[in-house]
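1. any chance you can model this:
(one chain, ligands or ions: 1)
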Amino acid sequence: MRIDIITLHPGLLESPFQHSIVKRAIEKNLVTVNFINLRDYGIGKYKQVDDSPFGGGAGMVMTIEPIAKCIEELKAQRSYDEIIYLTPDGEVFNQEKANTFSMAKNIILLCGHYKGVDERVRELFITKEISIGDYVLSGGELPAAIFCDAIIRLLPGVLSDETSALSDSFQDNLLAPPVYTRPADYKGLKVPDVLLSGDPKQVENWRLAQSVERTQQRRPDIWKKHDI
Ligand code: ADE
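-> Numbering: from 1, shown residues only. Below you'll find the model as predicted:
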């Protein structure tokens with residue numbers, strides 16, 4: 001998989017790709033992540049990338065020319081499965097979408113800023129608009145990092161069998177069960193006996209029951225999906 005991220009703040013994005021599972025996936029060449037500084041495509045002496053909105057109003061709007069030039073340059077080099085704009089008015093990201101996007105070969109992510117991008121960018125180039133939740137962040141960089149983390153960990157070979165993403169919360173519309181490790185007794189707070197029983201069947205049944213209970217209590221919206 002290759003992910004090209006178009007951003008005005010590449011520095012904001014670097015760290016999440018330099019640690020842990022995502023870093024290892026990059027080192028193993030299971031994914032290539034390329035940051036493109038949109039400023040390099042800016043117009044004129046000041047490399048302008050934004051302008052005031054037609055019709056007035058507060059804030060600046062990202063202009064179409066630098067983005068178009070950048071995306072066209074990328075598209076000339078390879079074909080892309082998706083060109084995704086991170087925006088609070090996009091479709092809300094979830095595990096199902098992460099699973100689908102993880103099967104793509106090449107993806108472009110466009111990080112918005114200010115009051116967003118000129119609508120014609122969305123019409124001309126964007127194939128999906130994704131929000132990471134119903135709150136507004138200062139830009140699309142942190143959402144892009146979250147999006148990438150969620151899909152990269154699903155790529156074959158990234159996680160070992162033991163840490164397989166199949167047992168993650170949400171994969172089967174169930175939250176993950178509680179987990180414990182040593183000590184078995186912390187100031188009187190004891191680990192459930194069943195986990196110390198050494199009986200894998202009993203452990204499995206307990207974990208499933210806990211997952212069901214958690215999902216029913218905490219996420220009735222997800223539990224409802226079991227009826228469909
Ligand atoms: N940009 C700003 N807020 C965002 C959000 N919630 N999701 C995606 N991109 C954003």
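
2. for Val191, give me its contacts.
-> Tyr180, Ala184, Asp185 (CB atoms under 8 Å, 6 or more residues apart in numbering). No exception for glycine: its C-beta is placed from N, CA and C like everyone else's.

3. distance-wise, check it relative to Pro183.
-> To Pro183, Val191 is 8 Å away according to CB to CB, to the nearest Å.

4. please name the nearest non-neighbouring residue to Arg24.
-> Distances taken as CB to CB, 6 or more residues apart in numbering place Val158 nearest to Arg24, at 7.3 Å, with adjacent residues excluded.

5. count of neighbours near the nearest residue to Tyr114 once chain neighbours are set aside?
-> Among residues not flanking Tyr114 along the chain, Met60 sits closest, at 4.2 Å (CB to CB, 6+ apart). When neighbours are counted by other CB atoms under 10 Å, Met60 registers 15.

6. residue contacts, Met60?
-> Per CB under 8 Å, 6+ apart, neighbours of Met60: Asp50, Asp51, Ser52, Pro53, Tyr114, Lys115.

7. got the residues you listed as TSV, with secondary structure columns?
-> Below are the contacts of Met60 laid out as TSV (DSSP: H, G, I helix; E, B strand; the rest coil):
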residue	secondary structure
Asp50	strand
Asp51	strand
Ser52	coil
Pro53	coil
Tyr114	coil
Lys115	coil
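
8. among the residues you listed, which one sits closest to Phe125?
-> Among the contacts of Met60, Asp50 lies closest to Phe125 (CB to CB), at 17.2 Å.

9. run through the bridge partners of that closest one.
-> With DSSP bridges as the criterion, Asp50 is bridged to Met62.

10. how many residues are close by it?
-> 19.

11. surely it touches Val61?
-> Yes - using CB atoms under 8 Å, Asp50 makes contact with Val61 at a distance of 6.2 Å.

12. what is in contact with those two at once?
-> Between them, Asp50 and Val61 share the contacting residues Tyr114, judged by CB under 8 Å, 6+ apart.

13. alright, that wraps it up for me.
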